[in-house]
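A.B. asks: make a model of this:
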Amino acid sequence: MSQQKSLIARIAKYSQIKKILLEFKPEVIICEELSNMPLAVKIKKNFNLPLVLRVEFAYNQEYPYRTMGVMLKKFKNKLTGDYFSILIGKSIWNWASKNSDAIISCFFDDVSKNTSNGNFLPLHYVPWPTFLPKLLSRPEKINDRAVFVGSFEKHKNLKELEITVPLLFKHTPIKEFFIVGTGEDLNIIENLKAKYPDNIKHLTSLTRDECLNLISSSYLSYSPATMGGWGFIGDSFAMKTPIVVTHDHYGFNDGIDSIVTTQAQIVDSVNDLYSNNELYNKISLGGYDRFVKNHSSEGVGLRFTQICSEVIRNAK
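C.D. replies: Alright, predicted model coming up:
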């Protein structure tokens, strides 16, 4: 009975969708994430429209759980390992690619690694957008403050802080490190807070304006993440706060829009930033320029328009 109700509800909803489409007369479908592809493909076939799929990550069998983790983990077991997860993930991705006219990924490496699985489908990298509200004022930089903002997930690599933070406090001018967020690796931050109660400032959450003011007032941002953290990175660019990263997962330009270093070299890199005002100002302005061109809502919107326009032209 519940299945019948569900079927009737889906039919009724699709009737409403068809009505909207007939009135609106779109030229292209933009599908947000793979989970919405069944509906998008149905619309594509019924209305003969080109389809652009946007994903956070393209499927990559080296990291099968990055794209469809919740579903694919159901097929992982001790006997077969990742075999069926990879097989099913690749099948779903191939189906999605076959039914798409272009794919947009937020992950920089997707295009360079050609994760379109040899289908020769246009795969575009468009960064995660950052909306920048107008702040009433920009606070002055606090020269001994660094900041990290983000969820405490495994890919944020917070375990690196256990090694780098003591070194930064001991060998650089940084005396205050604000950390905003919470998550599965909260214990790492709690342990650091217990060890450095006067230096580590942990906040579980802030309003967006408060976050932007904190980033703006900090001398530098520091991200140990191996992937993701795009909102924090974009906000650092926008606030003209140089960001120091130890993993290049976002197409960073060392010495131009960021400082790309390593866990072993971070102390020297941070001290270089403190001792070289010309470098500091160059990265501040370089990051802001990158934000305006590539990461702002306007910049991302322009890339979407260009990609969709190309897809529409090719479909005619």
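
A.B. asks: what segments of the stretch 1-150 of the chain are strands?
C.D. replies: 29-32, 51-55, 102-105, 123-125, 142-149 (DSSP state E, counting those that start in this stretch).

A.B. asks: mind putting those strands into CSV with mean pLDDT?
C.D. replies: Shown next, in CSV, are the strands of the stretch 1-150 of the chain (pLDDT from 0 to 100):
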stretch, mean pLDDT
strand 29-32, 96
strand 51-55, 96
strand 102-105, 94
strand 123-125, 92
strand 142-149, 98
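
A.B. asks: which one of these lies nearest to residue 243?
C.D. replies: Closest of the strands of the stretch 1-150 of the chain to residue 243 is strand 142-149, at 9.6 Å (criterion: CB to CB). For glycine as for every other residue, the C-beta is placed from the backbone atoms N, C-alpha and C.

A.B. asks: and the angle for the helix or strand following that closest one with strand 142-149?
C.D. replies: Downstream of strand 142-149, the next assigned helix or strand under DSSP states H and E is helix 161-171. Taking axes from the mean of the first three to the mean of the last three CA atoms, to 10 degrees, one finds helix 161-171 and strand 142-149 inclined to each other by 180 degrees.

A.B. asks: run through the stretch 101-250 of the chain and note the low-pLDDT ranges.
C.D. replies: 113-120, 133, 135-136 (pLDDT under 70).

A.B. asks: mind jotting down where the helices sit in the stretch 51-200 of the chain?
C.D. replies: Ranges of helices within the stretch 51-200 of the chain are 65-72, 83-98, 108-112, 161-171, 186-195, based on DSSP state H, counting those that start in this stretch.

A.B. asks: with just CA atoms, put the last one into PDB.
C.D. replies: The one in question is helix 186-195. The C-alpha trace of helix 186-195 is given here as PDB (Å, rounded to 0.1, in the frame of the first residue of the first chain):
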ATOM      1  CA  LEU A 186      37.200  16.700  17.800                       C
ATOM      2  CA  ASN A 187      39.500  14.900  20.300                       C
ATOM      3  CA  ILE A 188      42.600  16.100  18.400                       C
ATOM      4  CA  ILE A 189      41.600  19.700  19.000                       C
ATOM      5  CA  GLU A 190      40.500  19.100  22.600                       C
ATOM      6  CA  ASN A 191      44.000  17.500  23.300                       C
ATOM      7  CA  LEU A 192      45.700  20.500  21.700                       C
ATOM      8  CA  LYS A 193      43.500  22.900  23.700                       C
ATOM      9  CA  ALA A 194      44.400  21.000  26.900                       C
ATOM     10  CA  LYS A 195      48.100  21.300  26.100                       C
END
